[in-house]
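J.: Just the structure for this:
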Amino acid sequence: KSYKWSDRHIFSDKFMVEFSYAHVGNNFALTFHEEDLRSVQPALELTTNAWSRSYQEAVYVRPTDSIDVMANYFLPGTLGGDHAIKFGIKYRNDIAHTESMYGGDAYARFRNAAPVEAQLYRRGYTEYGLHNRSFYASDTYTRRRMTVNLGFRYDYQTDFANAANVAASPFYGQATYAGVYNNVTYTGATFNQLPELSFPGADAGLAFKNFSPRLGFTYDITGDGRNVAKVNYAHYVSQLGTGSISSTYNTVAATFVRYPWVDVNGDKFIQANEIVLTAAPLSWTSGYNYNNPSQTTTTGTVDPSLSADTTDEVILTFDRQFGSVFAVSASYIWRKYQNFWGNDLDNFDASNWVAVQWTPTASTCPTGAECPTVTYYQPTSQIPTNYTVKNITDFYRSFQGFELTGVKRMADNWMASASYSYNDAPMHFQSPAGYTYWSQSSDPTNIESSLNGGQYAPESTSSGLGNVFVNAKWLFRLTGSYTLPW
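T.: Numbers count the residues shown, from 1 in each chain. Predicted coordinates for the structure are as follows:
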C-alpha cells in the first residue's frame, strides 16, 4: 500500500513552501511458478549457464517513509541582480525485509551434463533499516548576461540490521560421501556446515556525514540568447542502500557452501551421502566461517574510518542558435570516481601471490592460431576468510566525453534531431593496493596486462539478462519527421 499527502502554501509573490509525506509499500515476490518446485533442486549447466528443473524464491517487503520540505524564495534587485533561492530538507526511513531460498535448498552443478559440484544453502532471512537525513540550498543569481548558480547538499546516512533466526540446512547432521575421491579416502563424516543460527542484530557502527558543493556559470555572449557558454562543477556522494554497511555483520543472509559431488545413485539430485566433505569448501559466502559454522559473528568488520565513494564532475557547454529553427550544442564532460569500497582480506595482499607462466602444448593449439605463453598468479599461502570493508586506495575511474547535438524545429513540414557522443571510461590502478577493487584477494592476474588503463564495462545483471557489457566508445542518433501535404 502506498499513499502521499502534500500541502503547498504561497506566503507571498516571493516565498512558497511545500510540505509532503509519503509512504511507499514497494512489496513484491519473485517465486516458483508452481508450488511443487519449492522442493526441487535446480540444475545449472556450467558450460552454458543454463538453469533447469527449478530456481529460487525471493520475497521483498520494502516500506519507505519520507518527509520533504521544499521552499522557493525570490529576491529581485539585490546585489546588482536577481536571486532565485531554493532550499529543502528530507527525513527518510527505509526498511528492507527479504526472505530467500533455492528449490530444495541446494542446486546441482553440471559440466557437459556430468555432475561435478553441490551448492548447498541455508535460507536467508534479513531485515535492514536505513536512516537518511539531508538538507540542500542553492541560489541562482542573474545579472545582465550572466547567471551564477551556487549550492550545496548535506547528507547524514547510517543503517542497521534487525535480529533474525534461520533454520539449519536440511543436509546438516547427515552422513556425507564415504569412498575415494581424487585419490583421497573420505569416511562419511557428518555434514557440519550451515547449522541453525540466531542473529542478535547490528548497527553500522558509523554514519556518513557529507557536504557536496555545486557551482555553475552561464554567460550569454551576444546578449540575444543565441550564443551561450556554460561551465558547471559538482561533487556527488553516493547514497547508501539498506544494509550497505550493517550487512557485513549479518550471519543470517542466504549462505552457501560448495563441495565436490559424486552422484552415487545417478539420479542427478544431491543427497547428503554424495557430498564430498573436503577440508575446505570449493567456494562459500563472503563472511561465512566454514572453520566455525556456528559462529554468531561474520568474518568481516567495517573500518571505522570508512567513508562514502565520491564523484567529481566538470561540464563545459556551448549552445548556438542559427536563425529561428536550428540550434546546435557541444559539451565536454569530465568525471573522476574514487574512494570506492572493497572487502580487503586481512594480512593478505598482492605480495601473497606469485607469477606462473603457462604455454599451451602444440597439440592443443589449432593450426593457424596464436597460442602465446600466458602469465597468471597463484597464492603462496591459504587465502584467509577474515576481511575488512574499507576504502580502496590507489584506484580510481575516470571519464571523458564529448557530445554534439543538433535540433531542427518543425518548419516547412519537417523536423529533425541528431546527436553524436564519444566516451572514454578507463580504470586506473596506481599501485597493487588498488587491486582490491577488482579482486577481493588482490589477485594480480590480468590487472597490469589488461585492466589498468582499460575500459570500465560492467556486466548487466537486471531482469536476468547477463553477458552484456555496458560501454560504448561512440553513439550516433538521428530522428526526424515529415508532415505529408495531404
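J.: ok, residue 59 touching residue 31?
T.: Yes - the criterion here is C-beta atoms under 8 Å, and residue 59 meets it with residue 31 at 7.3 Å. C-beta: built from backbone N, CA, C; applies to glycine.
J.: Buried ones in the helix or strand harbouring residue 403, by neighbour count?
T.: Secondary structure from DSSP states H and E places residue 403 in strand 395-411. By 16 or more other C-beta atoms under 10 Å, the buried positions in strand 395-411 come out as 395-397, 399, 401, 403, 405-406, 408.
J.: neighbouring contacts of that strand?
T.: Strand 395-411 is contacted from outside by 324-338, 340, 414-430, 433-434, 436-437, 456, 480, 483, using C-beta atoms under 8 Å, 6 or more residues apart in numbering.
J.: give me that answer again for 6 Å
T.: When contacts are defined by C-beta atoms under 6 Å, 6 or more residues apart in numbering, strand 395-411 is touched by residues 325-338, 415-429, 434, 437, 456.
J.: One more: stretch 376-389?
T.: Contacts of stretch 376-389 (C-beta under 6 Å, 6+ apart): 248, 289, 299-303, 341, 343-346, 348, 352-356, 441, 443-445.
J.: ditto for stretch 155-166
T.: 122-123, 125, 127-134, 197-204, 207-210, 237, 240, 243-246, 250, 252.
J.: related to what we said a few turns ago, can you flag the buried ones in the contacts of stretch 376-389?
T.: Buried, going by 16+ other C-beta under 10 Å: 248, 289, 299-302, 341, 343-345, 348, 352-353, 441, 443-445, out of those.
J.: What about the residue nearest to residue 113 when sequence neighbours are not counted, how many residues nearby?
T.: Closest residue in space to residue 113, ignoring its immediate chain neighbours: residue 45 at 7.1 Å, by C-beta to C-beta, 6 or more residues apart in numbering. Residue 45 has 15 neighbouring residues, counting by other C-beta atoms under 10 Å.
J.: Just confirm residue 45 contacts residue 110, I think it does.
T.: Yes - counting by C-beta atoms under 6 Å, residue 110 is a contact partner of residue 45 at 5.2 Å.
J.: For burial, what's the neighbour tally of residue 282?
T.: Using other C-beta under 10 Å, the number of residues around residue 282 comes to 16.
J.: Skip the chain neighbours and tell me the closest residue to it.
T.: Nearest in space to residue 282, with sequence neighbours left out and distances taken as C-beta to C-beta, 6+ apart, is residue 258 at 4.5 Å.
J.: quick one: low-confidence parts of this structure?
T.: 462-466 (pLDDT under 70).
J.: make it 80
T.: Low-confidence segments of the chain (pLDDT under 80): 460-467.
J.: CA atoms only: put the longest strand seen in it into PDB for me.
T.: Counting residues, the longest strand in the chain under DSSP state E turns out to be strand 81-102. In PDB, the C-alpha atoms belonging to strand 81-102 read as follows (Å, rounded to 0.1, in the frame of the first residue of the first chain):
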ATOM      1  CA  GLY A  81      20.900  41.200  -9.800                       C
ATOM      2  CA  ASP A  82      18.100  38.800  -9.100                       C
ATOM      3  CA  HIS A  83      18.200  35.800  -6.800                       C
ATOM      4  CA  ALA A  84      16.100  32.600  -7.000                       C
ATOM      5  CA  ILE A  85      16.800  30.700  -3.800                       C
ATOM      6  CA  LYS A  86      15.800  27.100  -3.200                       C
ATOM      7  CA  PHE A  87      16.300  25.100  -0.100                       C
ATOM      8  CA  GLY A  88      14.800  21.900   1.400                       C
ATOM      9  CA  ILE A  89      15.100  19.000   3.900                       C
ATOM     10  CA  LYS A  90      14.400  15.300   3.600                       C
ATOM     11  CA  TYR A  91      13.800  12.900   6.500                       C
ATOM     12  CA  ARG A  92      13.600   9.400   5.300                       C
ATOM     13  CA  ASN A  93      13.400   5.900   6.900                       C
ATOM     14  CA  ASP A  94      13.600   2.700   4.900                       C
ATOM     15  CA  ILE A  95      13.200  -1.000   5.900                       C
ATOM     16  CA  ALA A  96      14.200  -3.900   3.600                       C
ATOM     17  CA  HIS A  97      12.900  -7.300   4.700                       C
ATOM     18  CA  THR A  98      14.000 -10.200   2.500                       C
ATOM     19  CA  GLU A  99      13.300 -14.000   2.600                       C
ATOM     20  CA  SER A 100      15.100 -16.100   0.100                       C
ATOM     21  CA  MET A 101      15.700 -19.800  -0.800                       C
ATOM     22  CA  TYR A 102      16.600 -22.100  -3.700                       C
END
